[in-house]
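**Student:** predicted structure and sequence below. I'll ask about it afterward.
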Amino acid sequence: MDALAEQIDDQLGTAIPNLQVENRLHPNPTPPSIDIYPGTPFTEVIAYGSRHQYWFTVRARVLTADNEAGQDLLLAMMDADEDESVEAAIRSARTYAGAKLGNIEGPTEYGLFGDGPDGAILGCTWRVAVIP
């Protein structure tokens, strides 16, 4: 996950000022933020019982103190054609640390995550398969 977080940070760090990218679940972020953590289900058999893939959740969150600006940034992060695209940043890291990235599912719709510094934070998630 370290390499995937680094790749996302490298791809989006200049497009999104003050972006915080963590390679683990970050319970108290300073948005805008992206964290990467084991998804559900975590392990899935993919080749007649002999091979597995692992699912990770990539979560993007933004502040809504300026509601329109926060939603505009999150929408840009969700749009595969924008400079702020999280999916494009994930796809740019198709292989890392000897593993391949498989399917990318998402983004989900907007949701509120209750682990922000001042309560709920607006965000969305992607599921990313990693095949060792």
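**Tutor:** Arrived safely.

**Student:** are we agreed that Ala76 is in a helix?
**Tutor:** Yes - under DSSP: H, G, I helix; E, B strand; the rest coil, Ala76 sits within a helix.

**Student:** number of nearby residues for it?
**Tutor:** The local packing of Ala76 (other Cβ atoms under 10 Å) involves 17 other residues. C-beta: built from backbone N, CA, C; applies to glycine.

**Student:** pLDDT value on it, please?
**Tutor:** For Ala76, the pLDDT comes out at 98.

**Student:** hey, what's Ala99 bridged with?
**Tutor:** Assessed by DSSP bridges, Ala99 has beta-bridge partners Tyr96.

**Student:** residues near it, how many?
**Tutor:** 16.

**Student:** contacting residues around it?
**Tutor:** Going by Cβ atoms under 8 Å, 6 or more residues apart in numbering, Ala99 touches Val130, Ile131, Pro132.

**Student:** repeat for Leu25
**Tutor:** Contacts for Leu25 (Cβ under 8 Å, 6+ apart) come out as Asp35, Tyr37.

**Student:** next: Gly111.
**Tutor:** Here Gly111 is in contact with Leu122, Gly123, Cys124, Thr125 (criterion: Cβ under 8 Å, 6+ apart).

**Student:** just the ones in strands from those residues, please.
**Tutor:** Using DSSP state E, the subset of these located in strands is Leu122, Gly123, Cys124, Thr125.

**Student:** so what sits opposite the last one in the bridge?
**Tutor:** For Thr125, the beta-bridge partners under DSSP bridges are Arg59.
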